[in-house]
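Q: Predicted model and sequence follow; I will ask about them next.
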Amino acid sequence: MAQLEVAWRAYELRPEPVPTLEPGGEYLRSAWTRSVYPLAQALGVTMRLPPVQPRSRLAHEAAAWARERGRFDEMNEALFRAFFEDGRDIGSAEVLGDLAATIGLDRAELLTELGEHVHLGEVLRDEQLADRYGIRGVPAFVCGGYAVSGVQSADALEEFVRRAGELGDGGEPREALPQPPVGLKRR
């Protein structure tokens, strides 16, 4: 069986100037009630509708900073917990500094690098790559030059990886797969 490598990339759902969603608005409450809460319960994951809908670019920069220090997984988990469990504003440099400190990294160093946007280029390159793949939502998965986004069942993801691997060569992005992934064709 082939090995599967997971590589987290930056992607902003609503970058400037796209407006953020109203945290208590009907759309988010409905989407969470219909989709997020049932899935979280089925997986045994704690998730709460966050009371804020921050811009995520600084959080992505903080994650890139942590990756450079070999602590990406810890920072990624801290970001998810802070946002989805604790309702913290992960668009705030101060909150990000606190998260860095909780995983044993230098808070002041992160704040300095965020202020200078040291990792902004990396974040923007990830976003450009997502655009080339036609990604418009999260989560998103890329395999063999194909992409699919949105929540997928385990069976659909397995089929996506199998079929995309058969058709793709890992090269340049091709057309996005339909959802669920069926009828793959080469470009």
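A: Yep, that arrived.
Q: make it CA atoms for all contacts and neighbour counts henceforth
A: OK.
Q: what ranges do the strands span in the chain?
A: 140-143, 146-149 (DSSP state E).
Q: helices or strands up against the first one?
A: Yep, that's strand 140-143 we're talking about. Applying 3 or more C-alpha pairs under 8 Å, 6 or more residues apart in numbering; DSSP states H and E, one finds that strand 140-143 contacts strand 146-149, helix 154-167.
Q: Pick the most buried one from the ones you listed.
A: strand 146-149 (a mean of 24; mean count of other C-alpha atoms under 10 Å).
Q: pLDDT on it, on average?
A: Here strand 146-149 scores 84 as its mean pLDDT.
Q: tally of neighbours for Ser35?
A: Residues lying near Ser35 (other C-alpha atoms under 10 Å) number 11.
Q: quick one: contacts for the residue nearest to Asp98 when sequence neighbours are not counted?
A: Nearest residue to Asp98 in three dimensions, chain neighbours excluded: Arg107, at 6.5 Å (C-alpha to C-alpha, 6 or more residues apart in numbering). Under the criterion of C-alpha atoms under 8 Å, 6 or more residues apart in numbering, the neighbours of Arg107 are Gly97, Asp98, Ala100, Ala101.
Q: Thanks a lot, see you next time.
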